[in-house]
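Peer 1: turn this into a model:
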Amino acid sequence: MKKAFTLIELIVVLIIMGILATIATEILLKVYQNYTITRARNALVFKTDLIINEIASKLQNRIPNSVIATECNVTDNECIKGNVLGFISIQNLTKNNANKYPIIEWLSKDIYSKRGEWNSQLKRVVPGWSGFVDLKRTQINSGDNNYTIIIPDSNMSIVQEIDGNWTESWGISGYQNVFDNNLSVLIFSGADGRGAFNDINHSYGWYETLYPTNKAQKIFKIYKNSDDNITVTAIDDSNNTTVYEGFYIVNTAMAIVPVYDKNYSDYNLTFVQNYYPWKDQNFTDGNKSLLATHVTEFKFKEQNSLLRIYLCIQDPDVKINDNSYLTICKEKVVF
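Peer 2: Numbers count the residues shown, from 1 in each chain. Model prediction:
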């Protein structure tokens, strides 16, 4: 005699199978969610690393004493419009006032012309500027504002050529002679290599249009006598300029400007270059490019002559809970 399942037994089996199926589905869903979050996290870690390293590489070539923090209203997007409320030296930035100054700006060393170019006859790379001054042969021409200096192992014709090509490629007028048009200028290194420095308002020409008393007393116009002999004149007169044994050629200011995105309540970082504070320009006059999207925090400070930058980026497509998205933060020290 064959024994059959009763209706109750079938119902119990179906219930058990349903419970097992539900548990299995939840497990599979959890595994898939974890996989999705892990994949998104790895991608975001890579993105954040890439961006903070790119920022650090640009700041690596800064003139340390030229770095400023600029005040503006980010959430109303007044920053990118150039509606600046003020600025301070980054050395004066503290935890209490950091939120007021979301923009970082600096003067950058002219690294491409320093590296020089290949000379097929000599079969070697000839540098553009060496960064060294022969103090024994320095000549004071008039007061403390005009000097003729010897710069051994430099080739200022190469600097003119490389910087002229650079400025032309970015559509900047005056590239035919970057020295005559103050597109490439000289800054002495100062006693500690941070740049000759009086104070931030009377050294590099930051926001002279906004603050007419601000000066570019530590920036020198270049007159090329020969490849290793130049005459330099302070752009704004000063009675306390000094010739040091080191110098930098500078052909741009740079800035990182946050732009508020109200759709995600975060920021996009805009990188700006090719503007000249000593020519009464600010970052609205430069060439702009998108550096990072969905930034939730970007902070910077100088501590013991080291520049620390802190960056947080979120992924708006991956929610961790009802109130927050996947976010990765990184910090980096720039020497």
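
Peer 1: which helix or strand contains residue 136?
Peer 2: strand 134-142 (DSSP states H and E).

Peer 1: from the contact counts, what lies against that strand?
Peer 2: Identification of packing neighbours for strand 134-142 by 3 or more C-beta pairs under 8 Å, 6 or more residues apart in numbering; DSSP states H and E yields strand 146-150. The C-beta positions use only the backbone N, C-alpha and C, and glycine is treated the same way.

Peer 1: partner strands of the strand it packs on, with direction?
Peer 2: Sheet pairing for strand 146-150, assigned by DSSP bridges, gives strand 134-142 (antiparallel), strand 229-234 (antiparallel).

Peer 1: and after that strand, which helix or strand comes next?
Peer 2: Next along the chain after strand 146-150, with elements defined by DSSP H and E, is helix 156-169.

Peer 1: mean confidence score for that following helix?
Peer 2: Mean pLDDT, helix 156-169: 95.

Peer 1: can you check stretch 179-196 too?
Peer 2: On average, stretch 179-196 scores 95.

Peer 1: buried residues in it?
Peer 2: By neighbour count on 16 or more other C-beta atoms under 10 Å, the buried set for stretch 179-196 is 179, 181-190, 194-196.

Peer 1: ok so, going back, among the strands paired with strand 146-150, which is nearest residue 123?
Peer 2: Proximity to residue 123, assessed across the strands paired with strand 146-150 by C-beta to C-beta, is greatest for strand 229-234 (25.8 Å).

Peer 1: what is the subsequent helix or strand relative to the closest one?
Peer 2: Scanning onward from strand 229-234 (DSSP H and E), the first element met is strand 247-261.

Peer 1: and that next one, what's buried?
Peer 2: Buried-residue list, strand 247-261, by 16+ other C-beta under 10 Å: 247-260.

Peer 1: quick one: strands adjacent to that strand?
Peer 2: Strand pairing for strand 247-261, determined by DSSP bridges: strand 103-109 (antiparallel), strand 185-188 (antiparallel), strand 266-275 (antiparallel).

Peer 1: just how off-centre is that strand within its chain?
Peer 2: 6 Å (C-alpha atoms, centre = their mean, to the nearest Å).

Peer 1: now stretch 314-333
Peer 2: 23 Å.

Peer 1: residues in contact with it?
Peer 2: Here stretch 314-333 makes contact (C-beta atoms under 8 Å, 6 or more residues apart in numbering) with 36-37, 40-41, 43-45, 47-49, 52-53, 55-56, 264, 266, 294, 296-297, 306-313.

Peer 1: ok, back up a step: export the strands paired with strand 247-261 to a markdown table and tack on distance to residue 140?
Peer 2: A markdown table is the format used below for these (distance: least, C-beta to C-beta, whole Å):
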| stretch | distance to residue 140 |
| --- | --- |
| strand 103-109 | 25 |
| strand 185-188 | 14 |
| strand 266-275 | 32 |
